[in-house]
Each structure stands twice: as C-alpha cells, then as structure tokens.
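[1] Next comes the sequence, and after it the predicted model I'd like to discuss.
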2 protein chains.
Amino acid sequence: MNYCNQCGAGLRSEIPEGDDRLRYVCTSCEWIHYENPRIIVGCLPVWEEEILLCRRSIEPRRGYWTLPCGFMENGERVEDGALRETLEEANARVEIENLHTLYSVVHVNQVYLIFLARLVDLEFFPGYESLETVLFKHDQIPWEEIAFSSVRFCLENYVKDFPNLSPQPIRGSLVRNRSNTPRPGFNSKP
Amino acid sequence: MNYCNQCGAGLRSEIPEGDDRLRYVCTSCEWIHYENPRIIVGCLPVWEEEILLCRRSIEPRRGYWTLPCGFMENGERVEDGALRETLEEANARVEIENLHTLYSVVHVNQVYLIFLARLVDLEFFPGYESLETVLFKHDQIPWEEIAFSSVRFCLENYVKDFPNLSPQPIRGSLVRNRSNTPRPGFNSKP
C-alpha cells in the first residue's frame, strides 16, 4: 500500500493515538488505512456417505481438489456466501446444517468458515472455477491432491469423526514462522 | 474510495473479467480493489452464573454495555483476537470454551465471532475503551443499555438457554433494508 485511497497523497507508517500497532496513515488527510483478515466461506457438501469436491480450474492450486469456498462479499450473511460459493463452483444446491470448521490461516490473514451442508439433489456440475465436481466416498478422497490446508483439516476431521460428528465446530489454524515451515496451530482436537 | 493505493491514479467502477460484481479498478495499473467484510472477535466471559460486561468509554455507543470485542487484526488467529480484546477492554484473563455466536451485520459488512469463555480470576478492571467492567447476574443485565444488536443477540440466547447451552454456535444476522428498519435475519433459533 503506497497511496491514500481517499485523497491520493502518500502514506506514512505510524501508530495512531490510542492504538498499539503500526498503520498506514495519510500524510495529507490523516486517513488511517486499517487492514484486517478476510473471510473465506464455503460448504462441505455431503450426500449420504459421500463428499462433493471440486477440482480447481484456476490458480492458485489449479488441478487440485477443494471444497466449494471463496471470499465472502460485502452485503451478504456468512450463510449466503457459503451457499453462493457452492452454487458458483459446483452449481450445487445444498441445505446448511451447521458450522463445521473454523480455521485461521495466519500468514495470509484468512479465516475459513465451512458449513456442513446436505446436497438437495445430484444435479451439480462444474462452474467457471472448477474442472470437475465429483462425489467421493471417504476412502476415495484424493488426499495427495487437496488444494489447501484448511480443506484438508476440514475433510480429515469430518472423515475421522464420521458418523459421530461433534455438534461443535472443529477449530484449527495454520501459522507459519519466518522460515516458512508450518508450526502447530490452535487446534480444538489434538 | 477514490484513488488506487498501489499507484495513486484514479479508479473506475467496473465488473472485472470472470467476476460478477462491480469493483473499483485502477485506471492506470488495473489493480482491482476488493472490499470484504471484517471480523469482530470477542468473548462472552462468565464466572459461575454471572456475565462480565464492559461499559464503553468511546463512540460509537459510548456509555452503553458491550461484551469485550473488536476488529480482528492481521497476524492472529480468531482465538488470539478474542483473548486480546478481552484483555484490552477488561484486563480479564479467560479460557475459551467454544464458539457461542456467529452473527452477520450485513449493512455494515461485519461478522461477529463471540466465544464463550470462563474467567480465570476476578482481577479484571476497565481498559482504555471501557468506563466500567462489571459482573452481572442474568436478571440484572441492563437490557435497555446494550450497545449492539450482536451483543444483545448473544446475551439473549445465552441467558435463555442457560444452563442447557447448545454445543452448536448460535447463528444470527441483522439485515437492514433501504428504509433502515431491521427485517428478520438468518437466525438458527426462531
């Protein structure tokens, strides 16, 4: 971030009064530019004992498998966003059951909210961001080709607990240190 | 938003290729400026049958009562943020039990994540953003002076369910229409 999006002047980095961390502050209009984590909403769509995964047609992780999820948009509720992403990526209609996974990816400032959801029918097909949309039995999940740690965390816990799912959301995180190797996160289940 | 924070040039509003909604796009460097909801993290700190509330010393809603919560910061996990806010606003040390409330405030693009948390001791006292920090019995909660709909929603559900709390987070939302009157949200409990 180099310029003020309010007035176009340059920015300086300083700790504003009453704050305790560095922010970008405009050198002209004094606007404070806060940066905060973004929410990624999605669904874990299930049909009996199968899980719907999407193979990504876009970067990052093109060709790898994911759950339908994406950035939450302004003007929607978390549930709206999860349903929208599931429709966009898999043309799948689902009914949300409950929040299954809450997962922080600290080094990229993302928080995942993934809902367990029942497929309403089997009329799904790939959306623009997907190459394939496939129902997998638990023992057929392509573990070596999962796109993101958040999706892996969600799937691993779901499969491990099935059919005795906890009504509590599973909580987890990925924290990378400066050498870029993962260290253990804040997991609700060790 | 008027100027590109990458190069300082002006912005235009357009739907980028492959997207389906208007974004601010730089007229010079073509940078797309996404805007997304922000996360507010906090705790519902309890001690036996009492709840810790903070009376706000700052706007908005100065003088009204809230749970300790605030904007999640980059570089932290959701749980870290909830603990930090509880320490900042009430100097209170807590242990997180589980996610209690997930609440979308659509017209201001905010998502609340409020954790049920046990106070570790009673050595709490007001932080910079609080005038008072007080433990309330359930029948003494100042319902007429609650700062935010999200906090009211969390407290009402907690008190209503107590002591038979659902292990599921309570989900709710506030959606205002154009005349600025609330309409029913996406509540998990009618």
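    The structure has been received and is ready for your questions. What you see is a predicted model; the values in this text were computed from it and never measured.
[2] what is A:Ser13 paired to in the beta sheet?
    A:Tyr24 (DSSP bridges).
[3] and it, what does it touch?
    Residues near A:Ser13 by CB atoms under 8 Å, 6 or more residues apart in numbering or on different chains: A:22-25. To be clear about C-beta, it is placed using only N, CA and C from the backbone, and glycine gets the same treatment.
[4] Is there any residue in stretch A:66-74 that contacts chain B?
    Yes. Contact of stretch A:66-74 with chain B (CB under 8 Å from any CB of the partner chain) involves A:71-74.
[5] Name the nearest residue to the residue lying farthest from the centre of chain A, ignoring sequence neighbours.
    Farthest-out residue of chain A from its mean C-alpha position, per CA atoms, centre = their mean: A:Ser28, at 36.5 Å. Leaving aside its chain neighbours, A:Ser28 sits nearest to A:Ala9 (3.5 Å; criterion: CB to CB, 6 or more residues apart in numbering or on different chains).
[6] Now do the helices in chain A.
    A:78-90, A:149-161 (DSSP state H).
[7] which stretch among those comes nearest B:Ser150?
    Proximity to B:Ser150, assessed across those by CB to CB, is greatest for helix A:78-90 (12.8 Å).
[8] Any buried residues in the closest one, and which?
    A:78-90 (16 or more other CB atoms under 10 Å in any protein chain shown).
[9] so the residue nearest to A:His100 when sequence neighbours are not counted bridges to which residues?
    In space, and not counting its chain neighbours, A:His100 is closest to A:Leu116: 4.1 Å by CB to CB, 6+ apart. Assessed by DSSP bridges, A:Leu116 has beta-bridge partners A:Leu44, A:Asn98.
[10] who's in contact with A:Leu116?
    Neighbours of A:Leu116 in contact, by CB under 8 Å, 6+ apart: A:43-44, A:46, A:96-100, A:158, A:165.
[11] Most neighbours of all the residues of stretch A:66-74 next to chain B, which one?
    Most neighbours among the residues of stretch A:66-74 next to chain B, by other CB atoms under 10 Å in any protein chain shown: A:Met72, with 27 neighbours.
[12] Against B:Ile170, how distant is it?
    The gap separating A:Met72 from B:Ile170 is 19 Å, by CB to CB, to the nearest Å.
[13] Return the distance of stretch A:14-27 from the chain's centre.
    29 Å (CA atoms, centre = their mean, to the nearest Å).
[14] CA atoms only for that stretch - export them in CSV, please.
    Output of stretch A:14-27 as CSV, limited to C-alpha atoms (Å, rounded to 0.1, in the frame of the first residue of the first chain):
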residue,chain,number,x,y,z
GLU,A,14,2.8,5.1,12.3
ILE,A,15,1.0,4.0,15.5
PRO,A,16,-2.1,6.3,15.7
GLU,A,17,-3.1,7.8,19.0
GLY,A,18,-4.9,5.3,21.2
ASP,A,19,-3.7,2.4,19.0
ASP,A,20,-0.9,-0.1,19.7
ARG,A,21,0.3,-1.1,16.2
LEU,A,22,1.6,0.4,13.0
ARG,A,23,-1.0,1.5,10.4
TYR,A,24,-0.7,3.3,7.1
VAL,A,25,-1.7,6.9,7.7
CYS,A,26,-2.2,9.5,5.0
THR,A,27,0.4,12.3,5.1
